[in-house]
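J.: have a look at this prediction, sequence included:
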Amino acid sequence: MRSRSLRTLAGAAVALTGVLALAACAGASDAATGGQKVDGGTIVYAHQQEPACVFGGWIEQAYLSYQVLDNLTSLDENHKVVPWLATAWKQSSDGLTWTFTLKRGVKFTDGTPLTAAAVAYNFDYWVNGGNSTAKVWLDGYYKDAKAIDDQTLQIDLSHPYPRLADNLTQGYFGIQSQHALQTRTKEQNCEAPIGSGAFTVDKWNRGQDIILKKNKAYTSPPANAKHTGPAYVDTIDWKFVADPTTRVAALQGGQVDAIYDVPSVQWSVLKAGGYQLEKFVTPGRPQQISFNTAKGPFTDEQVRQAFAYSLGRPQIVNTIGRGVIPSEGNGGVSQATPGYSTKAANWYTQDVKKADALLDAAGWSQKNSDGVRVKNGQPLTVRLPYGAGSIINADGAAILQGVKEQASKVGFDVKLIPVPQSEFFSGKYSGLDAYDLQAGYWTSVTAGILYINWRPSTADHPNYSNSSFTNDPVLAQYILDGNSAPTVEQQNADYQKAQDYIAQHALSIGVYDRLSTLAVSPKLHDVWQEHAQGGPTFYDAYLTK
């Protein structure tokens, strides 16, 4: 059945609904009987989004580059940092110097050796524009990187940053061949970056798929992998299938072996059909709503608080998410993040009377014929653009619709603006005048994500990731203290102060936790989600027949 086009399947998705139950039963039978391990073979995987480049600063790129590039460190299932390309690391007593010892004998797939000098080049490459997300993590702390010898890398910092090794587990910090970065074109390194990873990019058929081939000489898996040596499969056919119904139908019809972003409505169906289901609650900033505190009606804290009190967020999320998607009250970090503040998460529950009183006190005491509050002749209309199909999936869009409907009960007129990927990432809706509310997430392995999202923006050091435009020295200091505190306990205590401050002043409110979900055929085994960002890991995977 794999010879059939997924485009053909998309056109026939409705016609297939009658046979999906039979496909599910067949899957259950396969799971029960097991099968003989295939030597090699091709994993056909259906992902929901196609990025512009394999490597970059978006999590969708990190999922791809994780198959091709190795990192210095990995994160295990207990949130412990373990070796990958680095076998050991240490921090100096003043916290300003990190030393990493690298594995011997590792080569990039272009044949050049992976040395400390090559890794140091990557750090400079990131901060000079090679990866926007790696850059914002290192900004304000990174001074330089240098090779002490071929196997010893030294990172110098301007301020202590005890969680550096944790952050390097994210896919944004994958190591590329220095030779490739210096000699190949930007487009070549975009479409097929050269790493030391378990797979290489063989071909990119834009709009359709990327073909990844096994690196037969692979020697450098992370310590938390299930085996050593090359990958078991020969090829990964990483398809891009935007429509969730089509992805599910392709899995149940046997055309693909695994899919990403399982619709909540299909979760129990696939579970009953014998498919392996994986759900990873992404640490970092959840899917939250931040308020534009610099311009518009939400410059008034009472109006922000009224909006928060108008919403029964758990009710909305549980209705749409069917128990699969966790609701989230914390606007700073998700419940999967170390240093999470339950106090911040519980700050606002639905209280329509309190929302009404706050709006009255803020001068929005009248309503027009449509039930929208009015002040000085202006309606309480607020704009909420969102990345439709990119940052916000179909379930998320339905949740935002629920937010709009509940907020309207107290007099907010929320204008939801779905923004296509090209416009969203162009920055069209990121400026001070572009929105009143913004929905979105940031992945992270620590509550240090607060530094990226809330660091004050100045003329000399602008912060384009501060979506609320909040420049608050008290909040900033809590976060800076957490970043450099010598113990995890003190870091988390400082980060919790920041989360509580965000909640108290209604700078951002959580809505639901961002998920990374997989559904896997019973014929595909040992697919797991890496523990920094929840991306699919196919290095250990194998097929049976």
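T.: Looks like it came in fine. Numbering: from 1, shown residues only.
J.: how far away is the closest residue to Phe108 other than its chain neighbours from Lys271?
T.: In space, not counting the residues next to it along the chain, Phe108 is nearest to Ser177; the distance is 3.8 Å by Cβ to Cβ, 6 or more residues apart in numbering. C-beta coordinates here come from the backbone N, C-alpha and C atoms, glycine included. Per Cβ to Cβ, to the nearest Å, Ser177 is found 42 Å from Lys271.
J.: please name the residues that touch the residue nearest to Phe108.
T.: Neighbour list for Ser177: Phe108, Thr109, Asp110, Thr112, Ala118, Ile194, Gly195, Ser196 [criterion: Cβ atoms under 8 Å, 6 or more residues apart in numbering].
J.: swap in Ile155?
T.: When contacts are counted by Cβ under 8 Å, 6+ apart, Ile155 is found next to Thr97, Trp98, Thr99, Phe100, Phe123, Tyr142, Asp144, Ala145, Leu164.
J.: surely the last one touches Thr99?
T.: Just to be clear, that refers to Leu164. No. Contact between Leu164 and Thr99 fails when scored by Cβ atoms under 8 Å: they sit 11.3 Å apart.
J.: neighbour count for those two, which is higher?
T.: For Leu164 and Thr99, the more surrounded residue by other Cβ atoms under 10 Å is Leu164, and the numbers stand at 23 against 16.
J.: can you report phi and psi for that one?
T.: phi -60, psi -50 (degrees, to the nearest 10).
J.: so which bits of stretch 459-476 are buried?
T.: Of the residues in stretch 459-476, those scored as buried under the neighbour-count criterion (16 or more other Cβ atoms under 10 Å) are Asn463, Ser465, Asn466, Ser467, Ser468, Phe469, Thr470, Asn471, Asp472, Leu475, Ala476.
J.: of those, which belong to strands?
T.: Secondary structure of those is defined by DSSP state E; no position falls in strands.
J.: kindly indicate which of those residues lies nearest Gln305.
T.: Nearest to Gln305 among the buried residues of stretch 459-476, counting by Cβ to Cβ, is Ser468 at 14.1 Å.
J.: contacting residues around the closest one?
T.: Residues in contact with Ser468, defined by Cβ under 8 Å, 6+ apart, are Ser290, Phe291, Asn292, Thr293, Ala294, Gln438, Trp454, Leu507, Ser508.
J.: from those residues, which single one is nearest Ala407?
T.: Taking Cβ to Cβ as the measure, Ala407 lies nearest Phe291 of these, at 12.4 Å.
J.: double-check that Trp238 belongs to a strand.
T.: Yes. Applying DSSP: H, G, I helix; E, B strand; the rest coil, one finds Trp238 inside a strand.
J.: who's in contact with Phe240?
T.: Applying Cβ under 8 Å, 6+ apart, we find Phe240 in contact with Ala46, His47, Gln48, Gln49, Glu50, Gly207, Gln208, Asp209.
J.: ok, Thr133 - contacts?
T.: With contact taken as Cβ under 8 Å, 6+ apart, Thr133 is in contact with Gly56, Gly57, Trp58, Gln170, Tyr172.
J.: those residues into CSV, with extra columns for neighbour count and pLDDT?
T.: Supplementary listing: the contacts of Thr133 in CSV, determined by neighbours: other Cβ atoms under 10 Å; pLDDT from 0 to 100:
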residue, neighbour count, pLDDT
Gly56, 22, 96
Gly57, 19, 95
Trp58, 22, 95
Gln170, 25, 98
Tyr172, 27, 97
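J.: and which of these is nearest to Asn346?
T.: The shortest distance between Asn346 and any of the contacts of Thr133, using Cβ to Cβ, involves Gln170 and amounts to 28.8 Å.
J.: who's in contact with the closest one?
T.: Taking Cβ under 8 Å, 6+ apart as the criterion, Gln170 is in contact with Ala62, Asn71, Thr133, Trp137, Thr443, Ser444, Val445, Ala532, Gln533.
J.: tell me how far it lies from Ala532.
T.: Distance check for Gln170 against Ala532: by Cβ to Cβ, it reads 5 Å.
J.: identify the contacts common to those two.
T.: When contacts are counted by Cβ under 8 Å, 6+ apart, the set common to Gln170 and Ala532 consists of Thr443, Val445.
J.: what distance do you get for Gly534 to Gly253?
T.: Following Cβ to Cβ, the distance that separates Gly534 from Gly253 is 26 Å.
J.: the more surrounded of those two?
T.: With other Cβ under 10 Å as the criterion, Gly534 and Gly253 differ in neighbour count, and Gly534 comes out ahead with 24 against 19.
J.: how much space between the more buried one and His159?
T.: Going from Gly534 to His159 by Cβ to Cβ gives 30 Å.
J.: can you pull the buried residues of stretch 272-287?
T.: The neighbour-count check on stretch 272-287 (16+ other Cβ under 10 Å) flags 273-278, 280-287 as buried.
J.: ok, stretch 291-310 next?
T.: 291-293, 296-298, 300-310.
J.: tell me which of these fall in helices.
T.: Mapping the buried residues of stretch 291-310 onto helices (DSSP state H) picks out Glu301, Gln302, Val303, Arg304, Gln305, Ala306, Phe307, Ala308, Tyr309.
J.: for those residues, which one is nearest His227?
T.: Nearest to His227 among those is Ala308, at 48.4 Å by Cβ to Cβ.
J.: ok, that closest one to Asn453 distance?
T.: In this structure, Ala308 and Asn453 are 18 Å apart, going by Cβ to Cβ.
J.: how about Ile325?
T.: Distance of Ile325 to Asn453, computed by Cβ to Cβ: 21 Å.
J.: tell me which of those two has more neighbours.
T.: Set side by side, Ile325 and Asn453 show unequal neighbour counts under other Cβ under 10 Å, the larger going to Asn453 at 28 against 24.
J.: just the C-alphas of the helix or strand containing that one, formatted as CSV.
T.: Under the criterion of DSSP states H and E, Asn453 resides in helix 449-454. Listed in CSV are the C-alpha atoms of helix 449-454, where the atom choice follows Å, rounded to 0.1, in the frame of the first residue of the first chain:
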residue,chain,number,x,y,z
ILE,A,449,13.3,30.0,29.4
LEU,A,450,12.1,32.9,31.5
TYR,A,451,15.3,34.8,30.6
ILE,A,452,14.4,34.6,26.9
ASN,A,453,10.7,35.5,27.3
TRP,A,454,11.0,38.2,29.9
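J.: what about it, distance to the chain center?
T.: How far helix 449-454 lies from its chain's middle: 15 Å, per Cα atoms, centre = their mean, to the nearest Å.
J.: spit out the contact partners of the residue lying closest to Lys354 once chain neighbours are set aside.
T.: Leaving aside its chain neighbours, Lys354 sits nearest to Tyr309 (4.8 Å; criterion: Cβ to Cβ, 6+ apart). Tyr309 is in contact with Tyr348, Thr349, Gln350, Asp351, Val352, Lys354, Ala355, Leu358, counting by Cβ under 8 Å, 6+ apart.
J.: with Lys409 instead?
T.: Taking Cβ under 8 Å, 6+ apart as the contact definition, Lys409 lies against Ser310, Val352.
J.: and it, how far is that from Ile509?
T.: Distance of Lys409 to Ile509, given as Cβ to Cβ: 17 Å.
J.: swap in Ala459?
T.: As defined by Cβ to Cβ, Ala459 lies at a distance of 29 Å from Ile509.
J.: how about Pro221?
T.: Here Pro221 is placed at a distance of 41 Å from Ile509 (Cβ to Cβ).
J.: more neighbours: which of those two?
T.: A side-by-side neighbour count of Pro221 and Ile509, using other Cβ under 10 Å, places Ile509 first with 30 against 20.
J.: quick check, the more buried one in contact with Ala308.
T.: Yes. The pair Ile509 / Ala308 is scored as a contact, 4.9 Å apart, by Cβ under 8 Å.
J.: overlap of the contact sets of these two?
T.: Tyr348.
J.: give the contact list for Gln421.
T.: In this structure, Gln421 makes contact with Gln49, Gly387, Gly389, Ser390, judged by Cβ under 8 Å, 6+ apart.
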